[in-house]
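Trainee: Got a predicted model here, sequence first, then my questions.
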Amino acid sequence: MNNHTDITKSYYVAKNDENTDFRYGKIAEGQVFSTSMPIKTFAKKQSMINFIESNGGTSIEFNI
């Protein structure tokens, strides 16, 4: 299991090798993102989006 807790690089992308499953978002202090897929972390949101798009994915922004 891979865990992401580094608040200095709070944006993350986890993807499978086939680039068919992307999980991405931003953690807050005290949160943990866990997955069996490898996790890439980013300090800036735009860097996260660029990584997703360069790997064939599409990022969708939403507010709850």
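Mentor: All right, it came through fine.
Trainee: For the rest of this, base every contact and every neighbour count on C-alpha atoms.
Mentor: OK.
Trainee: How about residues contacting the host helix or strand of Gln46?
Mentor: For Gln46, the enclosing helix or strand under DSSP states H and E is helix 45-54. Identification of contacts with helix 45-54 by C-alpha atoms under 8 Å, 6 or more residues apart in numbering yields 11-13, 22, 41-42, 58-59.
Trainee: what mean pLDDT does it have?
Mentor: The predicted model gives helix 45-54 an average pLDDT of 96.
Trainee: same deal with stretch 11-31?
Mentor: The average pLDDT for stretch 11-31 rounds to 95.
Trainee: how long is it from one end to the other?
Mentor: Using C-alpha to C-alpha, to the nearest Å, one end of stretch 11-31 lies 12 Å from the other.
Trainee: in that stretch, what counts as buried?
Mentor: 11-15, 22, 24-27 (16 or more other C-alpha atoms under 10 Å).
Trainee: what's the spacing between it and its chain's center?
Mentor: 3 Å (C-alpha atoms, centre = their mean, to the nearest Å).
Trainee: same check, this time on stretch 53-64
Mentor: Averaging C-alpha positions (C-alpha atoms, centre = their mean) puts stretch 53-64 10 Å from its chain's average.
Trainee: pull the CA atoms of that stretch into PDB?
Mentor: The C-alpha trace of stretch 53-64 is given here as PDB (Å, rounded to 0.1, in the frame of the first residue of the first chain):
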ATOM      1  CA  GLU A  53      -2.900  15.300 -19.500                       C
ATOM      2  CA  SER A  54       0.600  14.200 -20.600                       C
ATOM      3  CA  ASN A  55      -0.300  10.700 -19.600                       C
ATOM      4  CA  GLY A  56      -3.600  10.600 -21.600                       C
ATOM      5  CA  GLY A  57      -6.000  11.500 -18.800                       C
ATOM      6  CA  THR A  58      -8.400  14.400 -18.400                       C
ATOM      7  CA  SER A  59      -8.700  16.200 -15.100                       C
ATOM      8  CA  ILE A  60     -12.200  17.300 -14.000                       C
ATOM      9  CA  GLU A  61     -12.600  20.100 -11.500                       C
ATOM     10  CA  PHE A  62     -15.500  20.100  -9.100                       C
ATOM     11  CA  ASN A  63     -16.600  21.800  -5.900                       C
ATOM     12  CA  ILE A  64     -18.700  20.100  -3.300                       C
END
